[in-house]
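**Student:** Quick one, structure for this:
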Amino acid sequence: MANKLHKPFRFAAQVYRANTGQEWRDVAHKVEDMGYSALHVSDHYIGPGAALDPTGHRPVTMAPITSMAVAAEVTDTLTVGCRMFCTSYHEPVVLAKEAATLAMFAPGRIEIGLGAGWLGAEYEAMGIEFPSAGLRVDRLEETVDLIAQHFSGREIKVDGQIVKAQDFLPLPVPESTPPIMIGGGARRVLTLAGRSADIVSINFNNRSGVLGSDSVLTSTVDETHKKIGWVRAGAGDRFDDIELETGAYFVAIDGQTDVTEEALMGRTGFSSEELRAFPHALVGSVDDICDQLEQRREEFGFSYFTIGDRAYEQFAPVVERMTGK
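**Tutor:** Next up, the predicted model:
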């Protein structure tokens, strides 16, 4: 069962590939002008090679914090975020201060996305220990606690299994507290998200460490209902206050995108009917996709959708239709 009260639709473009500073500034302007609510970057570091190539993940050109700062500086209304900061990659106190500083520079226009991390080959290539899933979620949970304390302005006191920080007041303290988004596809992460996040991102469960058929199998209609149930269990009475976000990873707009419905059917093994029902796909005409968005909001409570860099420009007519911008 979805949220009782439907939240208004909003859309983010996730773009993490630019070759020059001017190109990135142009992307930020374009996303804002198209009526998107937000621009998301990504928190991955290694380029093409033997480590990344088998994982199915595309190379990410830009580091997130610098990219967020530039995008926020050259826009006026656009929310800027990272989907998601991998808490394994960042010292928690440093990340909290970076997030608060971004919020000082762009009050009311920063979202802080946080995830436990999953791309094992990247950890190995970077020389970073890849802990068990349980320890990665422990670090995520304790980092969320620290960031919330930093944003509140109260003295920092975190004595977790992994994160330990104490005996200082945080600086800066944002005048407008950024919403925290927590994303993932496993029970413990989504229960934590329900308990602690303002925005919950329902994602693949990338337990295999690569993007592929297992990711799809963990994200069917039935599996997505389970994920919403985990969020609800963590949230309790606050569930209706949470904004539910998801990524549209398979987008094919008739006559607009280079990717076709037939190509996606071949890639996923789905029939047309199965593909159009898949929670992370938006396929068909603009009218079809608008209907699918309404259905996803009704069935799951999704009101916030992120569109990848391969399709965000072609998706602009849908954004305009669904938001009135």
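**Student:** And the strands in this structure, which stretches?
**Tutor:** Listed in chain order, the strands of the chain (DSSP state E) span 10-14, 38-41, 79-86, 110-115, 156-159, 164-168, 180-184, 199-202, 243-248, 250-253, 281-284, 302-308.
**Student:** which other residues reach the fifth one?
**Tutor:** It refers to strand 156-159. With Cβ atoms under 8 Å, 6 or more residues apart in numbering as the test, strand 156-159 has contacts from 92-93, 142, 145-146, 149-150, 164-170. C-beta: built from backbone N, CA, C; applies to glycine.
**Student:** which of those residues count as buried?
**Tutor:** 92, 93, 142, 145, 146, 149, 150, 165, 170 (16 or more other Cβ atoms under 10 Å).
**Student:** what's the most distant pair in those residues?
**Tutor:** 142 and 170 (15.6 Å; Cβ to Cβ).
**Student:** Give me the distance between residue 109 and residue 179.
**Tutor:** 11 Å (Cβ to Cβ, to the nearest Å).
**Student:** Could you list the low-confidence segments of the stretch 1-150 of the chain?
**Tutor:** For the stretch 1-150 of the chain, the stretches flagged by pLDDT under 70 are 1-4.
**Student:** ok, which stretches of it are helices?
**Tutor:** Per DSSP state H, counting those that start in this stretch, the stretch 1-150 of the chain carries helices over the ranges 21-33, 64-74, 92-105, 120-126, 133-152.
**Student:** Can you convert those helices into CSV and add a column each for distance to residue 230?
**Tutor:** Formatted as CSV, the helices of the stretch 1-150 of the chain follow (distance: least, Cβ to Cβ, whole Å):
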stretch, distance to residue 230
helix 21-33, 31
helix 64-74, 27
helix 92-105, 24
helix 120-126, 23
helix 133-152, 13
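**Student:** closest one to residue 257 among these?
**Tutor:** Using Cβ to Cβ, those put helix 21-33 closest to residue 257, at 16.7 Å.
**Student:** tilt between that closest one and strand 302-308?
**Tutor:** With axes from the mean of the first three to the mean of the last three Cα atoms, to 10 degrees applied, the angle from helix 21-33 to strand 302-308 works out at 150 degrees.
**Student:** which parts of helix 21-33 are buried?
**Tutor:** For helix 21-33, by 16+ other Cβ under 10 Å, it's 24, 25, 27, 28, 30, 31, 32.
**Student:** what's the span of stretch 30-37, first residue to last?
**Tutor:** 12 Å (Cα to Cα, to the nearest Å).
**Student:** Can you name the residues in contact with it?
**Tutor:** Here stretch 30-37 has contacts from 10-13, 15, 39, 75-79, 304, 312-313, 316, 319-320, 323, 325, using Cβ under 8 Å, 6+ apart.
**Student:** Let's see that with 7 Å instead.
**Tutor:** The contact list for stretch 30-37 (Cβ atoms under 7 Å, 6 or more residues apart in numbering) reads 10-13, 39, 75, 77-79, 312, 316, 319-320, 323, 325.
**Student:** Out of those residues, which comes closest to residue 132?
**Tutor:** Distances from residue 132 to the contacts of stretch 30-37, taken by Cβ to Cβ, are shortest for residue 12, at 30.9 Å.
**Student:** can you tell me how far the closest residue to residue 44 other than its chain neighbours sits from residue 40?
**Tutor:** Leaving out its chain neighbours, the residue that sits closest to residue 44 by Cβ to Cβ, 6 or more residues apart in numbering is residue 60, at 4.2 Å. Here residue 60 is placed at a distance of 12 Å from residue 40 (Cβ to Cβ).
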